[in-house]
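# Only the shape, not the letters, is given here:
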């Protein structure tokens, strides 16, 4: 009787799955284009004064990248879209805040 850890049946049906194994429902990245995580846009948005929105957009961008690394293509696509939306809203809001401050300071 040898150790059970070396047998094929034991490793295939292990109660503790390995982190490096991908699930069987993961789709192949070559079938579809790799979803974008919009990390650069989220980093640029962090320089705008709309700070709560841009930090949440940055977090969603990181979550999108992590989902893609785990093989969850649909989750990465959904999180990437949310990160893009929040980053764009942050950029537009930041520009509006900067313009409003400039107008307010120039009128005094």
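Arrived safely, thanks for sending. Since the structure is predicted, the reported quantities are computational estimates derived from the model, not experimental observations.
# List the contacts of the residue nearest to the spatial centre of the chain.
Note on the chain: the residue nearest the mean C-alpha position is residue 64, at 2.0 Å, using C-alpha atoms, centre = their mean. By C-beta atoms under 8 Å, 6 or more residues apart in numbering, the residues touching residue 64 are 35, 37, 38, 75, 76, 77, 79, 80, 83. Every C-beta, even on glycine, is put in place using the N, C-alpha and C of the backbone.
# Please identify which pair of those lies farthest apart.
Greatest spacing in the contacts of residue 64, by C-beta to C-beta: 38 and 75 (14.7 Å).
# which one's the longest helix in the chain?
helix 73-106 (DSSP state H).
# For that one, which helices and strands make contact with it?
Judged by 3 or more C-beta pairs under 8 Å, 6 or more residues apart in numbering; DSSP states H and E, helix 73-106 is in contact with helix 39-45, helix 51-70.
# Mind checking what secondary structure residue 37 has?
What DSSP: H, G, I helix; E, B strand; the rest coil gives for residue 37 is coil.
# Distance of it relative to residue 52?
20 Å (C-beta to C-beta, to the nearest Å).
# what does residue 85 give?
Separation of residue 85 from residue 52 (C-beta to C-beta): 15 Å.
# Which one of the two is surrounded by more residues?
residue 85 (14 against 9; other C-beta atoms under 10 Å).
# Tell me which residues touch the closest residue to that one other than its chain neighbours, please.
Once flanking residues are discounted, residue 85 sits nearest to residue 57: 7.8 Å by C-beta to C-beta, 6 or more residues apart in numbering. By C-beta under 8 Å, 6+ apart, the residues touching residue 57 are 42, 45, 82, 83, 85, 86, 87, 89, 90.
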